[in-house]
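# need coordinates for the below:
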Amino acid sequence: MKRTSGIYCFEHKSRPFIYIGSSVNIEERYIQHKGEFNRGTHHNSSLQQDYLDGFLNFEILAKRIPHNRLKEVEQQYCELFLSKGYLLYNSVLPRPSNYNESMLCSKSFFDKVEELIAENKILVEKLGKPSKDNIFVELELL
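Coordinates of the predicted model:
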């Protein structure tokens, strides 16, 4: 089987939630995700539950990305989906290995993340801790 590097996502079927990932071998990574979902051991509990409830679609967003650019392109997709109003399932947001404060794209991305975190804190204060019924996702920075 040929290895395909690239960017993939799990998207909620009816809510604007998305998990974006990258891999040097998308097919193998998808099999790993499915195995963890089926065993109930996936590292992301929100994604795990939505998979079990049948709410997720899997899609390959980009193929044949050079290995040294995977994290950078993954971040660009995260930025794109955030700008379109999506919330990320990703519990740890990707930063490219060459990240620095002068990168305008990255700076705007992290400014948006900080804004979402601030909004999330306000929601937690008003609604209490996130539960299965709350429709928002906690984001953490590295």
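# what stretches of this structure score poorly on pLDDT?
1, 91-113, 127-142 (pLDDT under 70).
# ranges for the helices of it?
Taking DSSP state H as the test, the helices found in the chain are 26-39, 45-52, 70-83, 104-127.
# need the winner for burial among those helices.
Among these, helix 70-83 has the highest mean neighbour count (mean count of other Cβ atoms under 10 Å), at a mean of 19. For the C-beta atoms, the positions are set from N, CA and C on the backbone; glycine is no exception.
# who touches stretch 52-69?
4-15, 20, 22, 24, 26, 30, 37, 40, 47, 50, 73, 77 (Cβ atoms under 8 Å, 6 or more residues apart in numbering).
# same list, the helices of the chain, but as CSV with distance to Leu61 please.
Output for the helices of the chain, formatted as CSV (distance: least, Cβ to Cβ, whole Å):
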stretch, distance to Leu61
helix 26-39, 10
helix 45-52, 16
helix 70-83, 6
helix 104-127, 17
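# help me confirm that Ile26 comes into contact with Thr4.
Yes - using Cβ atoms under 8 Å, Ile26 makes contact with Thr4 at a distance of 5.2 Å.
# what sits closest to Asp50 if chain neighbours are left out?
Leaving aside its chain neighbours, Asp50 sits nearest to Leu56 (5.4 Å; criterion: Cβ to Cβ, 6 or more residues apart in numbering).
# okay, that neighbour and Arg15: tell me how far apart.
11 Å (Cβ to Cβ, to the nearest Å).
# same question, Gln48
16 Å.
# which one of Leu56 and Arg15 is surrounded by more residues?
Taking other Cβ atoms under 10 Å, Leu56 and Arg15 do not tie; Leu56 has more neighbours (21 against 12).
# and that one, what are its bridge partners?
Per DSSP bridges, the residues bridged to Leu56 are His12.
# can you tell me how far it sits from Ala62?
Distance from Leu56 to Ala62, by Cβ to Cβ: 19 Å.
# please apply the same query to Leu47.
Taking Cβ to Cβ, one finds Leu47 at 20 Å from Ala62.
# then Gly54?
Distance, Gly54 to Ala62, by Cβ to Cβ: 26 Å.
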